[in-house]
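Enquirer: next input, structure requested:
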Amino acid sequence: MSDEATWPPLGNHEADEAEQRVRSAVKDCVHCGFCLPACPTYQLWGEEMDSPRGRIHLVGQLLDGAALTPATADHFDRCLGCMACMTACPSGVQYDQIIEAAREWTEAGANPLAGGFAADDRAGDDGARDDGARDDGARDDRAGDDGAGAADGDRAAAGAPTAPTAPRSRADRATRAAIFALFPYPRRLRAAIAPLRLAQRTGADRLLARSGLVGKVSTAAEQALRLAPPSRPRPAGRFPERVPARGARRAVVGMLTGCVQSVFYPGVNAATARVLAAEGCDVIIPRDQGCCGALSLHSGRAAEAVRFAKQTIATFEAAGVDVIVVNSAGCGSAMKEYERLFARLAEDGGEEEPEAGASPARPGQPEAASWSARATLLSARVRDFSEFLDELGPVAARHPVPVRAAYHDACHLGHAQGITAAPRSLLRAIPGLDLVELRDAGVCCGSAGVYNLLQPEAAAALGTRKADSVIASDASLLISANPGCTLQISAALAAQGVTMRTAHIAEILDASVNGGPLA
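Expert: All right, here's what the predicted structure looks like:
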């Protein structure tokens, strides 16, 4: 049984399961309002329906059978998914589960509890394969969404009801399909930015930006042009599949290279591997890894996320590692959610039989483990880079890095994963580094996956506020743990005429451990 045929759930039993799961989370909200001042979009507009409490109310209406209108969908789309509300909530409301359901319904085209789905453009890349030459050992995921369109057709043929109107315009759906046919695939992304690199070298990118021509064709493309960083030197040679530990081996770790990270910030992956090796880790970097599914999962494209997740699970099972270290906050958050993602799949009737020979059994893993069991085992082994190093403890000597630096909490690290102390502990242990706190370190910068491409006005307002905080800190270096945040804040600073060095925490530690200069 395919994922497309069972996700979102269509049958009565499966719909009941989905309804009860979300309804339980909705009922936990006591409407106290603690989430309001923590919500960036409520801060921007003061609109109740653009707060977590308001969106929970809208989901409650959908659970009672209300139609999913374009206006309702717009309130869901305006949510950053930063999860600051979960940090603020005294009742422990699982807002992440609520907004994920809302986004899946919006992406599907209608409220499934109010009468079926509207046909949409979820098919994305029509099964295109990304088989070009590999230049860093990271294979683009081939589990693209090549069957969703057929699934919609099957539903229509079977007489399933469809909504009279879709909550998103055709142009919006086409933009989203294009984004998800590009960003989860590093080789495609590299090919797409090749003309941009040429334009940057000749200054044509600035002329294009001033002309406004790109924006007339696509607002998302205009935003991508604004956000794209200048070209950085790529690590020499092909990325190795194994980086041996220096000194006594303390752990065998797998490393996720990521999509945006590997294309725009390849030096971050190189620094991550060097620091892990210096701390006594054999670093395994599977050459056939692809997208982890984070962008898809956090955008309501659950079936697509499942396909990406399956390959990621199988890849790292075969790698035989103790821990999987992730240096991108959004990716780490998504991989820690695999357990819940596949548990939902099983509950909704979409669990598949194990694939014979898909990957060898790990210690403690049954030979015929279900995808749910395999996802649970993998999620338990995922660690953020700073989280893992903090748990492991340092053995490598630290050299001075004399710089005044501000640290920005990526939302999917600070709020979604609850990791705020570990990065600061690691940074404060570096001699000479003066770590200053931003006045709004935990407030979203407006990046939020692909939010800054799809909601440019809100993203720009939040980016400006974050840039103001960075400038006020009087720091000369901005540190983040997520590539999207670095892109967003750098662009916001540039818009104010400020050029500031940025670095991932791995690059700072690499400079300290290995004594080299910052890029």
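Enquirer: give me the element A102 is part of.
Expert: Using DSSP states H and E, the element containing A102 is helix 95-108.
Enquirer: show me how far that helix is from its chain's centre.
Expert: If you compare the mean C-alpha spot of helix 95-108 with that of the full chain, they lie 15 Å apart, counting by C-alpha atoms, centre = their mean, to the nearest Å.
Enquirer: so what touches that helix?
Expert: Among residues not part of helix 95-108, those counted as contacts by C-beta atoms under 8 Å, 6 or more residues apart in numbering are 8, 18, 21-22, 25-26, 35, 52, 55-56, 58-59, 62, 68, 73, 76-77, 79, 81, 83, 85-86, 89, 111-112, 117-118, 120, 122, 167-168, 297-302, 340, 416. Any C-beta I mention is one placed from the backbone N, CA and C, and that applies to glycine too.
Enquirer: quick check, T502 in a helix?
Expert: No: with DSSP: H, G, I helix; E, B strand; the rest coil as the criterion, T502 is assigned strand and is not in a helix.
Enquirer: is it true that it touches S480?
Expert: Yes: here T502 lies in contact with S480, judged by C-beta atoms under 8 Å, at a distance of 6.9 Å.
Enquirer: who has more neighbours, these two?
Expert: Set side by side, T502 and S480 give different neighbour counts by other C-beta atoms under 10 Å, the larger being at S480 (26 against 21).
Enquirer: which ones are touching the more buried one?
Expert: 407-408, 410, 486, 489, 502, 504-505.
Enquirer: which pair in the residues you listed has the greatest spatial separation?
Expert: By the measure C-beta to C-beta, those have their two most distant members at I489 and I505, which lie 14.6 Å apart.
Enquirer: those two: which is more packed in?
Expert: The residue with the greater number of neighbours, taking I489 and I505 and applying other C-beta under 10 Å, is I505; the counts read 27 against 24.
Enquirer: please report the distance of the more buried one from D50.
Expert: 32 Å (C-beta to C-beta, to the nearest Å).
Enquirer: check what pLDDT the residue most central in space within the chain gets.
Expert: Most central in the chain under C-alpha atoms, centre = their mean is G330, positioned 3.4 Å from the mean C-alpha point. At G330, the pLDDT value in this model is 95.
Enquirer: so what does the helix or strand hosting it touch, helix or strand wise?
Expert: Following DSSP H and E, the helix or strand that holds G330 is helix 329-336. Here helix 329-336 touches helix 294-297, helix 302-319, strand 323-326, helix 371-381, strand 382-384, helix 411-414, going by 3 or more C-beta pairs under 8 Å, 6 or more residues apart in numbering; DSSP states H and E.
Enquirer: buried ones in it?
Expert: Buried positions in helix 329-336, judged by neighbour count with 16 or more other C-beta atoms under 10 Å: 329-336.
Enquirer: and which of the residues you listed is nearest to Q311?
Expert: Each of the buried residues of helix 329-336 was checked against Q311 using C-beta to C-beta; the closest is M335, at 12.3 Å.
Enquirer: quick one: contacts for that closest one?
Expert: 256, 292, 294, 309, 312, 324, 326, 378-379, 382.
Enquirer: try it again at 10 Å.
Expert: By C-beta atoms under 10 Å, 6 or more residues apart in numbering, the contact list for M335 reads 256, 292-294, 297, 309, 312-313, 316, 324, 326, 328, 341, 375, 378-379, 381-384.
Enquirer: near P37, how many other residues are there?
Expert: Other residues within reach of P37, judged by other C-beta under 10 Å, total 12.
Enquirer: let me fix that: R274
Expert: The burial count for R274: 21, using other C-beta under 10 Å.
Enquirer: how about it, nearest residue that isn't a chain neighbour?
Expert: Computed as C-beta to C-beta, 6 or more residues apart in numbering, the closest residue to R274 that is not its neighbour in sequence is D510, at 5.4 Å.
Enquirer: how far does the helix or strand that neighbour falls within sit from its chain's centre?
Expert: Secondary structure here is read from DSSP H and E; on that basis D510 sits in helix 505-514. Going by C-alpha atoms, centre = their mean, the spacing between the C-alpha centre of helix 505-514 and its chain's C-alpha centre is 24 Å.
Enquirer: what are the buried residues along that helix?
Expert: Buried residues in helix 505-514, defined by neighbour count with 16+ other C-beta under 10 Å: 505-513.
Enquirer: want to throw those into CSV with pLDDT?
Expert: Listed next are the buried residues of helix 505-514 as CSV, based on pLDDT from 0 to 100:
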residue, pLDDT
I505, 97
A506, 96
E507, 96
I508, 96
L509, 97
D510, 96
A511, 96
S512, 96
V513, 95
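Enquirer: now flag whichever of those is closest to A277.
Expert: Distance to A277, by C-beta to C-beta, is smallest for V513 among these, at 9.6 Å.
Enquirer: doesn't R274 make contact with that closest one?
Expert: Yes: in this structure V513 lies within contact range of R274 using C-beta atoms under 10 Å: 7.5 Å.
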